[in-house]
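# Pasting a predicted model and its sequence here:
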Amino acid sequence: FSSQSVDSSLGGLSRSSTVASLDTDSTKSSGQSNSNSDTCAEFRVKYVGAIEKLKHNESKNLEGPLDLINYIDVAQQDGKLPFVPGEEEFIMGVSKYGIKVSTSDQYDVLHRHALYLIVRMVCYDDGLGAGKSLLALKTTDAASEECSLWVYQCSSLEQAQAICKVLSTAFDSVLMSEKS
C-alpha cells in the first residue's frame, strides 16, 4: 500500500456524483473480474444505531466528516442514538458490491448498503476512553431524496481504518472497471 491510500481513508470517503450513478452489475456481466475483486473482507462490529430518512434539507449540512461526527454527538446527547451499542456482535462484510451486516452466524442480514448508495464513511474514536471507535456511514436512497446515518462500533481505530481502506479500494476497483 502506498502511504497515500492510507491517508485518504482517514478523512472519510467522499465521492463525486458521477460515481453515484454507477451500475454495479456491469462488472459482473463483462466477465473480466479478476479473482481478488470479489473478495469480501469481514469485520466484527457492534451496531450502535441509525438515524434514518433524513430529508435532503436536513442532511445537506452533513457534507464533511466533522459534520457527521458532530451530528452523531448531538443525536447521542438528545437520546436519538445510544452512546454504546448492544452486546451482540455482527459481521460486517465489505466488498465491491457494498456492505452487508449480518448476525455472527451469518444467518440473518441486519443491513445491506449498496456501494453506489454510500455517500460518505467516517471513523473516529468514540471519546469514551475505552479505545473503541465509531464507524459512521451516510447512505442515500436511489432517488437521492433522503439520507440515513448508520453508526457501528469497532473494537479499535485500526479496525475502523481498515474498514475504510477496504471500502475505498472497492470504490477504486469499481471506478477502474468502468473505465476499462
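Ah, there it is.

# for this protein, what helix or strand is lowest in average pLDDT?
helix 17-20 (a mean of 34; mean pLDDT, DSSP states H and E).

# so which strand or helix has Asn70?
Under the criterion of DSSP states H and E, Asn70 resides in helix 65-77.

# That helix: which residues count as buried?
Applying a neighbour-count criterion of 16 or more other Cβ atoms under 10 Å, the buried positions in helix 65-77 are 65, 67-69, 71-72, 75-76. In short, each C-beta sits where N, CA and C put it, glycine included.

# Tell me the first helix or strand C-terminal of it.
Once the chain leaves helix 65-77, the next helix or strand it forms, by DSSP H and E, is strand 89-95.

# which outside residues touch that next one?
The contact list for strand 89-95, computed with Cβ atoms under 8 Å, 6 or more residues apart in numbering, reads 38-47, 99-104, 106, 110, 152, 163, 166-167, 170.

# one more time with 6 Å, if that's ok
40-47, 100-102, 104, 106, 110, 166-167 (Cβ atoms under 6 Å, 6 or more residues apart in numbering).

# So what are the sheet partners of it and their directions?
Strand 89-95 has the following strand partners under DSSP bridges: strand 41-55 (antiparallel), strand 98-103 (antiparallel).
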